[in-house]
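Colleague: just the structure for this:
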Amino acid sequence: MLSRLPAALVRAALVVMLIVMPYALLPSSETDNTQIIALVAIFGALFTVVEYSADSPSLVEFRDAPPFNRVRFSALFATVLCLSVIFRGEAAPSYLTEQFQNSGAQIGAAIDFPYSPVRLMVLMMPDDTSPAIIQRLRDAAGLSYLVSVFSVIWFVILLRLYRWPRRDGAFNVWINLPTFDPTAGGDVVKRLQRDGRLNIILGFLLPFLVPAVIKLFSTFGTPINLDNPQTLIWTVSAWAFLPASILMRGVALSRVAQMIQLQRSKANEHGEGNAGLLR
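Modeller: Next up is the predicted model:
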């Protein structure tokens with residue numbers, strides 16, 4: 001545990017930076033935000049330290065199978081950073097913020113075509129929404145969605161290049177899949193393949209389904225309000241990050257199932273049975 005503590009503290013510091021970034025870069029008129037953000041940052045830091053310093057995590061998957069979590073965190077960090085810099089340009093314009101704003105506008109306009117996730121995000125807003133907020137949303141959604149797509153592609157490339165997840169030694173299912181019970185019943189490979197396919201399908205559909213669900217709730221309830229840039233940043237970041245994270249999880253589970261199946265075939269060829277496949 002002590003040997004893992006320094007790395008866990010570094011990860012906790014990065015989590016705190018991610019949480020406070022929009023508040024630090026953007027002006028806020030709400031005095032209660034400081035306490036709320038501080039509490040969330042403390043909780044995120046404690047959770048990260050506990051999960052990465054314990055012998056076995058309780059929720060974090062693929063802890064000892066990098067770079068799965070690194071790619072996901074980097075994608076979220078890059079998304080929040082880019083959006084924070086873009087919206088900072090409205091209060092404190094500079095050459096850097098102008099470049100980010102121009103890039104976001106070009107990406108948003110390019111991805112905003114009929115039936116695209118970005119177009120659906122724009123259409124979910126109420127009819128009386130100001131053009132400035134619509135433009136903000138389009139730019140943020142386009143940039144966030146592009147980052148999420150690139151993160152998935154990059155993870156698949158790393159998976160092929162480094163033969164993820166098994167580089168050397170056995171793949172420990174107990175540590176890397178703490179929410180998955182291999183003894184729950186049924187063949188492990190088939191369960192992993194099924195869960196992987198479900199995650200891939202869900203990750204692909206969520207960017208299209210979330211705007212429709214929000215629009216439905218807005219029709220019968222309270223319309224969504226994205227006037228606050230910080231609210232818009234976290235809403236759009238979650239909309240883009242969660243589907244990409246679920247899709248990467250589906251790819252990872254499918255890869256683990258493929259690895260186990262391959263090891264079983266090799267063991268059966270040598271008459272060794274299934275011993276030693278999972279540790």
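
Colleague: if I look at residue 156, how far off is residue 205?
Modeller: The gap separating residue 156 from residue 205 is 19 Å, by CB to CB, to the nearest Å. For the C-beta atoms, the positions are set from N, CA and C on the backbone; glycine is no exception.

Colleague: those two: which has the busier surroundings?
Modeller: Using other CB atoms under 10 Å as the criterion, residue 156 and residue 205 rank with residue 156 on top: 16 against 13.

Colleague: leaving aside the residues next to it on the chain, what's closest to the more buried one?
Modeller: Nearest residue to residue 156, sequence neighbours excluded (CB to CB, 6 or more residues apart in numbering): residue 251, at 6.4 Å.

Colleague: helix/strand/coil for the one you found?
Modeller: helix (DSSP: H, G, I helix; E, B strand; the rest coil).

Colleague: before we move on, what about residue 149?
Modeller: Using three-state DSSP, the structure places residue 149 in helix.

Colleague: setting aside sequence neighbours, what's the nearest residue to it?
Modeller: Of all residues beyond its chain neighbours, the one nearest residue 149 is residue 244 (7.3 Å), with distances taken as CB to CB, 6+ apart.

Colleague: tell me which stretches of this structure form strands.
Modeller: When assigned using DSSP state E, the chain turns out to have no strands.

Colleague: lowest average confidence, helix or strand, in it?
Modeller: Lowest by mean pLDDT, DSSP states H and E among the helices and strands of the chain is helix 173-176, with a mean of 84.

Colleague: and residue 273, what pLDDT?
Modeller: Residue 273 carries a pLDDT score of 46 in this model.

Colleague: wait, what's in contact with the residue nearest to residue 156?
Modeller: 152, 155, 156, 159, 196, 200 (CB atoms under 8 Å, 6 or more residues apart in numbering).
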